[in-house]
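K.L.:
Next one to model:
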Amino acid sequence: MSELQKDFLFVLIKSLSTSEKRQFKLYVNRLGINVDAKFLLLFSELDKMKEYNEEIIIEKKISSKQQLSNLKAHLYKQILVSLRLNPSLQNSRIQLREQLDFATILYQKGLYKQALKILDKAKQSALDLDEKSIASEIIELEKVIESQFITRSIDGRADELILQSTEINKQNSYATQLSNLSLKLYSEMLTHGYIKNDEDRDKILDLFDKKVKKIDLNKLNFTEKLWYFKAHVWKNQLLQDYKYTLKYAYQWVELFHQNPEMIKNHPVWYIKGNTYLFKILFLYGNIKRIEESFEKFSRVVKSDTFIHNENSQSLIFLNYYNTKMNLYFIKGDFFGGTKMIPELELKMEKHRDKIDEHHFLILYLKIASMYFGSKQYQNTIKYGLKIINSKGNIQEDLLFHTRILILMAKFEAGFDDDYDAFVKSTIKFVKKMRNPGELHFKIVDFFKKIDDQNSTAQLSSFKEFEKQLQESEKNRYDKRTLVYIDIHGWVKSKVRNVDVIEIIKEKVKLK
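P.N.:
Sure thing, here's the model as predicted:
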């Protein structure tokens, strides 16, 4: 998709449902004076377009080039106001802020008792839903009113508000520390990937311990516990400590199951928690646990009480297809998995504007891997190149393993014409990585070595390389390199002269 097609206003309009478009037109025509308003003409024109084209807008004299930017900004704001009024998009947070706005208006009009009545009710709802940031704002406004005007509302009112304010600020402080830590760990994952040595490990542990050691889990409320578990999941992901990643991902999800009313209030974090749980269960190869947890998750997100909007639907889409693909991988059912790919690609196109590029590239890698398992090597290379040729800041680990998968496909298919050139470009890529490990060089050297060997020499190279991989599996920092793409399973299949599916089934049986 070109940059022009990514125009924010155009993408927003294309995201609107039929009912939302109807509501917008009713909203702007409510006073009968906007029928010919330029921003409404612009809306209608953009709604008709399949691709954003600024020249058409200028040609139809809807706006001059100089005025277009302001007109688009005005239309963007009007659409958001219309959506803000849409009952289907209302959630508890929006409703609480609305009550706070109403109370502020009443306060400004000097109707203090009415304002306090609304604030007291909204505050109780905010505390019940663990929305402490909004509760804090409500209390601050209550303090303003009580300190300026003699309301005589309740005896000991000042002490009550001071106590509430102090407690909420303490909880908010915990939440801020933990959310900052979680975000920092997530950033480390995206920018540097998993730890590769003791120095990386010490850095992450030092960062984590400084923030978490003084926090008592038993004193935390729902939101702080949620951030606490999230931070632990990210820390253990970075450390490649899958046992504890599983523990805290499970606690994250169970926190919601123990507080089901919070699923409606935080649907995104419920989906995300399950995403990490399914991901780590996949690494353990536990088919039964994945299927049981996935069935429970599916029941919840399909229920009438679950919040269904574009954001939650996009995240459910990612969770659903990643988990389905993982189940096909664990079972070694590559041919069954490839049957799902056309349906997956249609859904990917539908959700493209709502999901970041990294998650799409992960899906492309899974598609490429599925085609490799079903011996459709041309398609493996096709989807692998989609990742390599993608623009933007792509995670190094993802690029490296994509290159290795392409080399495996080229070797299997006998594509000799550009094999050597691709090996050379991969060696060049590894040398430019921020912190390549010894295993990265061993893998590319192996593919370089087997290029011109006869079948006997190749078998010998595969046997030698399998021993190296067995040693690497004992190294905690090589775990992720061997999990991302199952190169060890492929090498074993060559040494034993069996289909890679047989190796996968043996692994599952052992696990």
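
K.L.:
I figured I79 hits F24, correct?
P.N.:
Yes. Applying Cβ atoms under 8 Å as the test, I79 and F24 come out as touching, 6.0 Å apart. Any C-beta I mention is one placed from the backbone N, CA and C, and that applies to glycine too.

K.L.:
Next, show the common contact partners of these two.
P.N.:
16, 43 (Cβ atoms under 8 Å, 6 or more residues apart in numbering).

K.L.:
domain ranges for this structure?
P.N.:
Annotated domains of the chain cover 4-89, 92-153 [automatic domain parsing].

K.L.:
Quick one: mean pLDDT for the first one?
P.N.:
Right, domain 4-89. On average, the pLDDT along domain 4-89 is 82.

K.L.:
buried sites along the longest helix belonging to the chain?
P.N.:
Longest among the helix segments of the chain by residue count, using DSSP state H, is helix 157-192. The neighbour-count check on helix 157-192 (16 or more other Cβ atoms under 10 Å) flags 161, 164-165, 168, 171-172, 174-175, 177-179, 181-182, 184-186, 188, 192 as buried.

K.L.:
and after it, which helix or strand comes next?
P.N.:
Next along the chain after helix 157-192, taking DSSP states H and E as the criterion, comes helix 198-212.

K.L.:
Please enumerate residues in contact with that following helix?
P.N.:
For helix 198-212, the external contacting residues (Cβ under 8 Å, 6+ apart) are 177-178, 180-181, 184-185, 188, 192, 195, 228, 231, 235, 238-239, 435.

K.L.:
Swap in 10 Å and give it another go.
P.N.:
Outside helix 198-212, the residues that touch it by Cβ atoms under 10 Å, 6 or more residues apart in numbering are 177-178, 180-182, 184-185, 188, 192-195, 197, 228, 231-232, 234-236, 238-241, 435, 476-477.

K.L.:
Could the C-alpha coordinates of it be exported in PDB?
P.N.:
Below are the C-alpha coordinates for helix 198-212, written out as PDB (Å, rounded to 0.1, in the frame of the first residue of the first chain):
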ATOM      1  CA  ASP A 198      25.400 -12.900  30.100                       C
ATOM      2  CA  GLU A 199      25.800  -9.200  29.700                       C
ATOM      3  CA  ASP A 200      22.300  -8.900  28.100                       C
ATOM      4  CA  ARG A 201      20.900 -11.100  30.900                       C
ATOM      5  CA  ASP A 202      22.400  -8.900  33.700                       C
ATOM      6  CA  LYS A 203      21.100  -5.800  32.000                       C
ATOM      7  CA  ILE A 204      17.500  -7.100  31.900                       C
ATOM      8  CA  LEU A 205      17.600  -8.400  35.400                       C
ATOM      9  CA  ASP A 206      19.000  -5.200  36.800                       C
ATOM     10  CA  LEU A 207      16.300  -3.100  35.000                       C
ATOM     11  CA  PHE A 208      13.600  -5.500  36.300                       C
ATOM     12  CA  ASP A 209      14.700  -5.800  39.900                       C
ATOM     13  CA  LYS A 210      15.000  -2.100  40.400                       C
ATOM     14  CA  LYS A 211      11.300  -1.700  39.600                       C
ATOM     15  CA  VAL A 212       9.800  -4.800  41.000                       C
END
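
K.L.:
Flag every buried residue along it.
P.N.:
200-201, 204, 207-208, 211-212.

K.L.:
buried set for the strand or helix carrying D397?
P.N.:
Following DSSP H and E, the helix or strand that holds D397 is helix 396-413. By neighbour count on 16+ other Cβ under 10 Å, the buried set for helix 396-413 is 396-411, 413.

K.L.:
can you tell me the helix or strand for the spatially closest residue to A126 that is not a sequence neighbour?
P.N.:
Spatial nearest neighbour of A126, excluding adjacent residues (Cβ to Cβ, 6 or more residues apart in numbering): A135 at 3.9 Å. When elements are assigned from DSSP H and E, A135 belongs to helix 132-148.
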